[in-house]
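Novice: A structural model of the following input is requested.
(2 chains)
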Amino acid sequence: RKEVEQDPGPFNVPEGATVAFNCTYSNSASQSFFWYRQDCRKEPKLLMSVYSSGNEDGRFTAQLNRASQYISLLIRDSKLSDSATYLCVVNGESSYKLIFGSGTRLLVRP
Amino acid sequence: SAVISQKPSRDICQRGTSLTIQCQVDSQVTMMFWYRQQPGQSLTLIATANQGSEATYESGFVIDKFPISRPNLTFSTLTVSNLSPEDSSIYLCSVNYGPVSGNTIYFGEGSWLTVV
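Specialist: Next comes the predicted model:
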């Protein structure tokens, strides 16, 4: 089993749609959780951290379920510029070692 | 966030040669990390570069193939030695800003290596 698993997609949605990405992780001791965004041929960039209580940043909402070892990202009112690969990231055996999921590709069409 | 500069941004190298990638950060950081992203794959940590001591390598990566230098708190190099086509990847330098940033990793723009 992979340490961090994501649906690879692609998710192909129209502008304005709401889309949800899911991620599961295997290490129950993990304490840090993130969503990164990676545009084609670019480096990953932090989208948001994920907190136990859930957190929201504009159109983006992240949720964490520790019992199920499950993380989600919800994007509301999708924009064309949201088209990218979204990486679920969890810390590994130490707080500084991050394990990346393989990413979920999102395509937002006009 | 940090400003992390990598060079070269891309290169095409002959098999059997080596490529050294430089990473410069605009502020002092304790830990610097080197990742690899092979085509169509996610990121894999190669090693952690510690100032004043040898790098710590992850399983599957060895110093002979990926020697790392960390001469000070703002700079590191990664060398990919004895290149083969399987080494064609993006190599990414990253830093962690520690507890203030909640263990958030920031990346350089990456070095795109093609081995022919």
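Novice: ok, A:C88 to chain B distance?
Specialist: Look at A:C88 and chain B: by C-beta to the nearest C-beta, to the nearest Å, they are 9 Å apart. C-beta coordinates here come from the backbone N, C-alpha and C atoms, glycine included.
Novice: residues from chain A in reach of chain B?
Specialist: Taking C-beta under 8 Å from any C-beta of the partner chain as the test, the list of chain A residues beside chain B reads A:32, A:34, A:41-46, A:49, A:87, A:89, A:91, A:95-98, A:100-103.
Novice: what residues are up against the spatially most central residue of chain B?
Specialist: In chain B, the residue lying closest to the centroid (C-alpha atoms, centre = their mean) is B:W34, at 3.0 Å. Applying C-beta atoms under 8 Å, 6 or more residues apart in numbering or on different chains to B:W34 gives the contacts B:23, B:45-47, B:49, B:66, B:68, B:76, B:78, B:91-94.
Novice: same thing with B:N96?
Specialist: Counting by C-beta under 8 Å, 6+ apart, B:N96 touches A:96, B:29-31, B:33, B:103-106.
Novice: Of these, select the buried ones using a PyMOL command.
Specialist: Buried members of the contacts of B:N96, defined by 16 or more other C-beta atoms under 10 Å in any protein chain shown, are picked up in PyMOL with:
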select buried, (chain A and resi 96) or (chain B and resi 29+31+33+103+104+105+106)
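Novice: distance between stretch A:16-28 and the chain's centre?
Specialist: Centroid separation between stretch A:16-28 and its chain, computed with C-alpha atoms, centre = their mean, to the nearest Å, is 6 Å.
Novice: Let me see the mean pLDDT of that stretch.
Specialist: Averaging pLDDT along stretch A:16-28 yields 95.
Novice: first to last residue in that stretch, what's the distance?
Specialist: Stretch A:16-28 has an end-to-end distance of 35 Å (C-alpha to C-alpha, to the nearest Å).
Novice: what does stretch B:24-43 give?
Specialist: End-to-end distance for stretch B:24-43, by C-alpha to C-alpha: 20 Å.
Novice: can you check stretch A:92-106 too?
Specialist: Start and end residues of stretch A:92-106 are separated by 26 Å (C-alpha to C-alpha).
Novice: Likewise for stretch B:63-71?
Specialist: First residue to last in stretch B:63-71 (C-alpha to C-alpha) measures 16 Å.
Novice: List of residues touching that stretch?
Specialist: When contacts are defined by C-beta under 8 Å, 6+ apart, stretch B:63-71 is touched by residues B:32, B:34, B:46-47, B:49-52, B:54-55, B:57, B:76-82.
Novice: quick check, nearest of the contacts of B:N96 to A:L80?
Specialist: When the contacts of B:N96 are compared for distance to A:L80 (C-beta to C-beta), B:Y106 wins out at 25.7 Å.
Novice: Enumerate every residue touching that closest one.
Specialist: The contact partners of B:Y106, taken as C-beta under 8 Å, 6+ apart, are A:46, B:1-2, B:4, B:94-97.
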